[in-house]
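# make a model of this:
(chains A and B)
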Amino acid sequence: MVKKTLVAATAITLSTFALTSCGSSDAASDSASDDGKITMGFAQVGAESGWRTANTKSIQDTAKDEGIDLKFTDAQGKQENQIAAIRSYIQQKVDVIAFSPVVETGFDAVLQEAKAADIPVILTDRAVDADPSLYKTFLGSDFVVEGERAGDWLVENAKDSDVNGDGKINVVQLEGTTGAAPAIDRAEGFAEKIKADDSIEVTASQTGDFTRDGGKQVMESFLQSDDSIDVVFAHNDDMGLGAIEAIEAAGLEPGKDIKIITIDAVKDGMQALADGKINFIVECNPLLGPQLMDLAQKVLDGEEVPERVLTDESTFTQDEAKAALPDRQY
Amino acid sequence: MPEPTSLVQRVLRHQLLWPVLALFVLLLVNVVAKPSFLDVRMQDGHLYGNLIDIVRNSAPVMLVALGMTLVIATRGIDLSVGAIAAIAAAVACTRIIGAGDEAALRTAVMAMTYAVVVCIVLGAWNGLLVSVLGIQPIIATLILMVAGRGISMAITDGQITTVNNPWFSDLASGFVLTLPLAFLVAVGMVLFTALLTRRTALGMLIEAVGINPEASRLAGVRARTIIWTVYAFSGLCAGLAGLVIAANTNSVNANSLGLWIELDAILAVVIGGTSLMGGRFSLAGTFVGALFIATLARTIPNIGIPSEVNYLFKAVVVIAVCLLQSPKARALLRVRRSGTPTLANGAPA
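Predicted coordinates:
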C-alpha cells in the first residue's frame, strides 16, 4: 500500500516537473512581442448586479474590437475562485492580468506569484489592500467620493428629506458585500459628509449583498422595526430597487414617503429615478473596457502609467435622469 | 417500545420538541429586542408584519427542504437544488420576456409550467445517476450543482433579466385570504406530500430503502423506482422555489439566485429531526426547520447584528440547536447539572 502510494506520488511529481519545464521553454515564444497579439486574463467578480454585467460586456466588446485575446472567468463572488483563476492565468502565461477584487485583502500571495512570473497586473474598479509595487495601476472609481456625493446631496436637501417632520432625518443604510471596497468606502464617504448636519443619523445598517433579493429582505425588516425612516441609502441600484419593492409592499410611496439615494446609475435604476421612485443616483461608470485596453497596451509597451486612473463620472437627479435615459447604454 | 406514561413525558419525548422550542426561543429573543416584533396588522386587504414576512420568505427554503427530506430519507443528498432553482427562474423569465404578451396570465402560467417540467427532467437525471448508474448521491448531484449554474447563466446570457408580469410577481408578493400566496403554495406542497407518504405505503417504502436498500429490494420493494422518484420530486420542489425567488424581485440573477439554498435546506431538514443516515423522516420537522431558518434570517437585521459577524451569529445558533437535539450532548449536560450519572436515560433507544 505504502509502496503504491509512493510510486504514484513520484509519478505525479515527475509529470509536474515535465509540465513545468515544457511551460518554461514555451515562455519565450508565447509572449506578446512575438505574435503582436495581446492575451489578457480577466478575473471578474461575478454578475451580482446590472452594473457588473454592463462592466463585463464593455470589457468583452472592447477586447473583441481591438483584437485582444481575452480569457475571461467569473469568480461568482468568491475570492478563492478568483485566486484560482489568476493562478491559472499565470500558468498560461498571459501577457497581462486584470481583475476586480472580490474583497480588499488576501491577494498578496497571488500578486507576488504574478510579479515573479513577470506578468503585469491591472486592477479594475476595486482596490486591494496590498503593496502597490505588486500591481501596475488601478483603474476605477473613487468609492469614497461616491459616498461623499451621496452624503452631500442629503445635507443639501436636508429640509425636504425630513419626511415625517420630526426634526430628525433617520437614514437606513443597505450595505454592499461585507469586506468589499465599495461597501467600506461608500459607507465611509457618506458618514463623513453627513456629520455636517446634526439632524442626520444612520439608525440602522445591514448588508444586502448588492442583490435585489438581499436589499428587499433587509428593507422589509427595517420597515417592520422602525416607522420613522426618512431616507434609504443603498450602496448600489439593485439593492435600492429591492428596497422599493419592500416599501411599496408596506403601503408607502418610495421617493415620497421615504427618500432613496443609490449609487451606480444602471438602466433599471435610472428608470426608477425618472419615475420618481428614487431621488438621487451617484453614477459609477462601468464602461471601463476602452480605458482598460488602452492601459494594457501602454503597460506592455513599457510606457509609464499613473498609479491611479479615475473614471469619468457624474450624478443624476430625477430631471437629469429623464433627459439622460433615452441614450443610456447600460 | 416503552409506553409513555404521562402527557409531560410524551411531550418531552416528542421529536418535534426541540425544533419547536428553538423556534420559540428565537422569537422570544426578537421580542425582547423589539417588543413590537410579533405585531400583525391589516394593510391593503392583507396581513402585514414580521411574522407574515417570515412565513413568506420561508417558502423557498421550505419547498427545497421538502424535496430534500425525502431524498435524505433514502440515504441520499441533493446538492443541485440551488442550481435547479436558478435554471427554473432563468427558463421562466426568458420565456415570459420572449412571449408575445408579456403581462398576460397565460404567459405566466405557460412559462412556469415549462420551467417546472424542465426541473422534473433535471431531477430525474440526478435520479438516473444515483439509482441506475449507482453513483454516490453527493457526487451525482454535485455535477448538476456546478453545471446547472452555468446552464442558467447561458440561458440568461449572464445578464440580470427583469420581467414585467403581475401574475408571476403575485407568486411571491401576492396574497390569498390575507395570507402570502408563496407560503400557501409551500404549505400546500407539504400537506400534499404528507398525505402521499403517510396515507399510502410510499412513506414506509422510502424509509425501508433508506434503512437498508439491499434488504428492501430482496423484500420486493422497487428501490430503484423509489429513488428515481424522490430525486425527480426534489427537482420539482427546487424549481418551484426558484420561481418564488425570481418572482420576489421580478428578476433573475443566475449568479446569486438560490446560491447556498441547498445548505439552508439541509440545515432545515436536520433541525427538523431527520437523520442524514437515512430512514425515518419528519415532514412536520422540516416545516418547523424551514420556519426556523427564515426567522434566523430576520433576526439578524431585527436585533441589529453587524454585517461583519452575521455569519458567525448564524453558525453559533445552529450549533446550539444541533447540540440541543443530540441525545448524547443532552445526557452530558444532565450529568454535569445533577452531579450523578444518568447515562441509562440518555442512551439512545
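
# skipping adjacent residues, who's closest to residue B:132 in space?
In space, and not counting its chain neighbours, residue B:132 is closest to residue B:224: 6.7 Å by CB to CB, 6 or more residues apart in numbering or on different chains. Yep, even glycine has a C-beta here, placed from its N, CA and C like the rest.

# now do the buried residues in the helix or strand containing the one you found.
Per DSSP states H and E: residue B:224 is located in helix B:223-249. Burial within helix B:223-249, assessed by neighbour count using 16 or more other CB atoms under 10 Å in any protein chain shown, is assigned to B:223-224, B:226-249.

# centre of the chain to that helix, how far?
10 Å (CA atoms, centre = their mean, to the nearest Å).

# next structured bit after that helix?
Criterion used, DSSP H and E; the element after helix B:223-249 is strand B:251-252.

# and the nearest residue to residue B:225 once chain neighbours are set aside, what's its pLDDT?
If the residues on either side of it in the chain are set aside, residue B:225 comes closest to residue B:131, at 7.9 Å by CB to CB, 6+ apart. According to the prediction, residue B:131 has pLDDT 92.

# for the stretch 151-300 of chain B, what spans make up the strands?
In the stretch 151-300 of chain B, strands defined by DSSP state E, counting those that start in this stretch lie at B:161-162, B:175-176, B:179-180, B:251-252, listed in chain order.

# identify the residues contacting the third one?
By CB atoms under 8 Å, 6 or more residues apart in numbering or on different chains, the list of residues contacting strand B:179-180 from outside reads B:46, B:47, B:52, B:55, B:56, B:59, B:173, B:174.

# just those residues: which are in strands?
B:46, B:47 (DSSP state E).

# could the contacts of strand B:179-180 go into TSV alongside neighbour count, distance to chain A and pLDDT?
Converted to TSV, these look like this (neighbours: other CB atoms under 10 Å in any protein chain shown; distance: CB to the nearest CB, whole Å; pLDDT from 0 to 100):
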residue	neighbour count	distance to chain A	pLDDT
B:46	16	9	88
B:47	16	12	90
B:52	22	9	94
B:55	22	12	95
B:56	25	9	95
B:59	27	13	97
B:173	21	6	90
B:174	17	11	91
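
# need the contacts of strand B:179-180 in JSON lines with distance to residue B:210, can you?
Listed next are the contacts of strand B:179-180 as JSON lines, based on distance: CB to CB, whole Å:
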{"residue": "B:46", "distance to residue B:210": "40"}
{"residue": "B:47", "distance to residue B:210": "39"}
{"residue": "B:52", "distance to residue B:210": "36"}
{"residue": "B:55", "distance to residue B:210": "30"}
{"residue": "B:56", "distance to residue B:210": "32"}
{"residue": "B:59", "distance to residue B:210": "26"}
{"residue": "B:173", "distance to residue B:210": "37"}
{"residue": "B:174", "distance to residue B:210": "37"}
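
# just the contacts of strand B:179-180: which are in helices?
Those of these mapping onto helices are B:52, B:55, B:56, B:59, B:173, per DSSP state H.

# tell me the two of the residues you listed that are most distant?
B:55 and B:173 (13.5 Å; CB to CB).

# residue A:97: what's it in contact with?
Contacts of residue A:97 (CB under 8 Å, 6+ apart): A:40, A:41, A:42, A:43, A:86, A:89, A:90, A:114, A:119, A:120, A:121, A:122.

# can you list these in JSON lines and add pLDDT?
Shown next, in JSON lines, are these (pLDDT from 0 to 100):
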{"residue": "A:40", "pLDDT": "94"}
{"residue": "A:41", "pLDDT": "94"}
{"residue": "A:42", "pLDDT": "95"}
{"residue": "A:43", "pLDDT": "94"}
{"residue": "A:86", "pLDDT": "95"}
{"residue": "A:89", "pLDDT": "95"}
{"residue": "A:90", "pLDDT": "95"}
{"residue": "A:114", "pLDDT": "94"}
{"residue": "A:119", "pLDDT": "94"}
{"residue": "A:120", "pLDDT": "94"}
{"residue": "A:121", "pLDDT": "94"}
{"residue": "A:122", "pLDDT": "94"}
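
# just those that are near chain B?
When contact is defined as CB under 8 Å from any CB of the partner chain, the contacts of residue A:97 do not meet chain B at all.

# in helices, which of these fall?
Reading helices off the contacts of residue A:97 with DSSP H, I get A:86, A:89, A:90, A:114.

# for the first one, give me its contacts.
Residues counted as contacts of residue A:86 (CB under 8 Å, 6+ apart) are A:41, A:43, A:97, A:99, A:110, A:114.

# now the fourth one, nearest residue through space, not along the chain?
Meaning residue A:99. residue A:43 (3.8 Å).

# does the one you found touch residue A:73 like I think?
Yes - between residue A:43 and residue A:73 there is a contact under CB atoms under 8 Å: 5.3 Å.

# my guess is residue A:146 contacts residue A:186, does it?
Yes - counting by CB under 8 Å, residue A:146 does reach residue A:186; the two are 5.7 Å apart.

# overlap in contacts of the two?
Here residue A:146 and residue A:186 have residue A:263 as joint contacts, going by CB under 8 Å, 6+ apart.

# the two: which has the busier surroundings?
Ranked by neighbour count (other CB atoms under 10 Å in any protein chain shown), residue A:146 and residue A:186 place residue A:186 first, with 30 against 23.

# could you verify my assumption that that one touches residue A:264?
No - with contact defined as CB under 8 Å, residue A:186 does not reach residue A:264; the gap is 10.4 Å.

# returning to what we had before: residue contacts, the residue nearest to residue A:99?
Contact analysis of residue A:43 by CB under 8 Å, 6+ apart lists A:73, A:75, A:82, A:85, A:86, A:89, A:97, A:98, A:99, A:100.

# quick one: which of the residues you listed is nearest residue B:324?
Distance to residue B:324, by CB to CB, is smallest for residue A:75 among the contacts of residue A:43, at 37.2 Å.

# pull the contacting residues for that closest one.
A:43, A:44, A:45, A:46, A:81, A:82, A:85, A:102.

# near chain A, which residues of chain B are found?
Within chain B, the residues that sit near chain A (CB under 8 Å from any CB) are B:34, B:36-37, B:43-44, B:48-50, B:53, B:57, B:149, B:153, B:158-160, B:162, B:173, B:245, B:248-251, B:253-257, B:259, B:297-298, B:300-302, B:304, B:307-308, B:310.

# just the buried residues of those.
For these, buried by 16+ other CB under 10 Å: B:34, B:37, B:48-50, B:53, B:57, B:149, B:153, B:158-160, B:162, B:173, B:245, B:248-251, B:253-257, B:259, B:297-298, B:300-302, B:307, B:310.

# which stretches in the stretch 1-150 of chain B count as helices?
Listed in chain order, the helices of the stretch 1-150 of chain B (DSSP state H, counting those that start in this stretch) span B:7-13, B:17-33, B:50-73, B:81-98, B:105-127, B:137-156.

# got it, and chain A?
Remark: helices assigned in chain A by DSSP H are A:2-30, A:32-35, A:50-65, A:79-92, A:108-116, A:143-156, A:158-161, A:181-194, A:212-225, A:237-249, A:267-274, A:289-300, A:318-324.

# quick check: the residue nearest to residue B:132 vs residue B:206, distance?
Separation of residue B:224 from residue B:206 (CB to CB, to the nearest Å): 13 Å.

# pLDDT value on the closest residue to residue A:266 other than its chain neighbours, please?
In space, and not counting its chain neighbours, residue A:266 is closest to residue A:50: 3.9 Å by CB to CB, 6+ apart. Residue A:50 carries a pLDDT value of 71.

# any weak-confidence spans in the stretch 1-150 of chain B?
B:1-5 (pLDDT under 70).

# ignoring the adjacent residues along the chain, who's closest to residue 100?
No chain in the question, so chain A it is. Closest to residue A:100 by CB to CB, 6+ apart is residue A:125, at 4.5 Å.

# should've been chain B
Closest to residue B:100 by CB to CB, 6+ apart is residue B:107, at 7.9 Å.
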